[in-house]
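got a predicted model here, sequence first, then my questions.
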Amino acid sequence: EAGVAQSPRYKIIEKRQSVAFWCNPISGHATLYWYQQILGQGPKLLIQFQNNGVVDDSQLPKDRFSAERLKGVDSTLKIQPAKLEDSAVYLCASSLWQSGYGYTFGSGTRLTVV
Amino acid sequence: GQNIDQPTEMTATEGAIVQINCTYQTSGFNGLFWYQQHAGEAPTFLSYNVLDGLEEKGRFSSFLSRSKGYSYLLLKELQMKDSASYLCAVNNAGNMLTFGGGTRLMVKP
């Protein structure tokens, strides 16, 4: 089966600019997650979708971050405006709902804000 | 709140055995996962424990004690390619994983 696809692979922007990341989950996976992983740390959940509805976005900085999952398949994560501390790898993952067997991660987008 | 602790770094010798510990305090528990993450790559699934005891899979084993909030990942016959970060993650509710900070393992010849 095809894996979780993410693009772009790398992105460098200046602070205060905007950026968007795209994720295509594994076919049939109802649940999609966006994680932020700062260098040297574990992934931190930003938002969880079940189909096209938000399950948890309690750790999403809503003043600058937004995410959507139209039609319950692909998802985009946007940052506007970016700050230096947003430099991180943004990982998308998908899973079968309540499968209990964890996630499959995409390769991530490495964002550098200068 | 959620708290998952694991050592930041460990070093071991090729061919040896290493144990990476993880302790957790979470508001719910629906299983514990270990992931391996090589530098610049995505985490990949290693093991899953939901009941107490040891799960063995080749050179890797994982142990869970729910009453103690404790797990470990055991790596045998270490190889240079095992140099990576190892992430402990708890499924606390609704299939949502909370990760620890990761343990960076360096395998030396």
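On my side now, so go ahead.

any idea which element the residue most central in space within chain A lies in?
Most central in chain A under C-alpha atoms, centre = their mean is A:Trp34, positioned 2.9 Å from the mean C-alpha point. Using DSSP states H and E, A:Trp34 falls within strand A:31-37.

show me what that strand is packed against.
strand A:44-50, strand A:75-79, strand A:88-95, strand B:96-99 (3 or more C-beta pairs under 8 Å, 6 or more residues apart in numbering or on different chains; DSSP states H and E). Using the backbone N, CA and C atoms, a C-beta is placed for each residue, glycine as well.

mind redoing it with 7 Å?
If contacts are counted by 3 or more C-beta pairs under 7 Å, 6 or more residues apart in numbering or on different chains; DSSP states H and E, strand A:31-37 sits against strand A:44-50, strand A:88-95.

for that strand, output the C-alpha coordinates as CSV.
Output in CSV follows, covering the C-alpha atoms of strand A:31-37 (Å, rounded to 0.1, in the frame of the first residue of the first chain):
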residue,chain,number,x,y,z
THR,A,31,-8.0,9.5,11.2
LEU,A,32,-5.3,12.1,10.3
TYR,A,33,-2.9,13.9,12.6
TRP,A,34,-0.4,16.8,12.3
TYR,A,35,2.5,16.8,14.6
GLN,A,36,5.3,19.3,15.2
GLN,A,37,8.7,18.0,16.0
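
gap between the nearest residue to A:Gly28 once chain neighbours are set aside and A:Ala2?
Once flanking residues are discounted, A:Gly28 sits nearest to A:Leu96: 7.4 Å by C-beta to C-beta, 6 or more residues apart in numbering or on different chains. Distance, A:Leu96 to A:Ala2, using C-beta to C-beta, to the nearest Å: 15 Å.

now do B:Thr26
For B:Thr26, the distance to A:Ala2 (C-beta to C-beta) stands at 32 Å.

repeat that for A:Asp56.
Taken as C-beta to C-beta, the span from A:Asp56 to A:Ala2 is 26 Å.

who has more neighbours out of these two?
More crowded of A:Asp56 and A:Ala2, by other C-beta atoms under 10 Å in any protein chain shown: A:Asp56, with 16 against 8.

now the phi/psi pair for the more buried one, please.
When read as degrees, to the nearest 10, the backbone of A:Asp56 gives phi -150, psi 120.

my guess is it contacts B:Met96. True?
Yes. Counting by C-beta atoms under 7 Å, A:Asp56 touches B:Met96, with 6.3 Å between them.

quick check: neighbours shared by those two?
Residues touching both A:Asp56 and B:Met96 (C-beta atoms under 7 Å, 6 or more residues apart in numbering or on different chains) are A:Gln48.

pLDDT weak spots in chain B?
Scanning chain B for pLDDT under 70 picks out the ranges B:1, B:94.

please repeat the previous calculation with a cut-off of 80.
Regions of chain B meeting the criterion pLDDT under 80 cover residues B:1-2, B:93-95.
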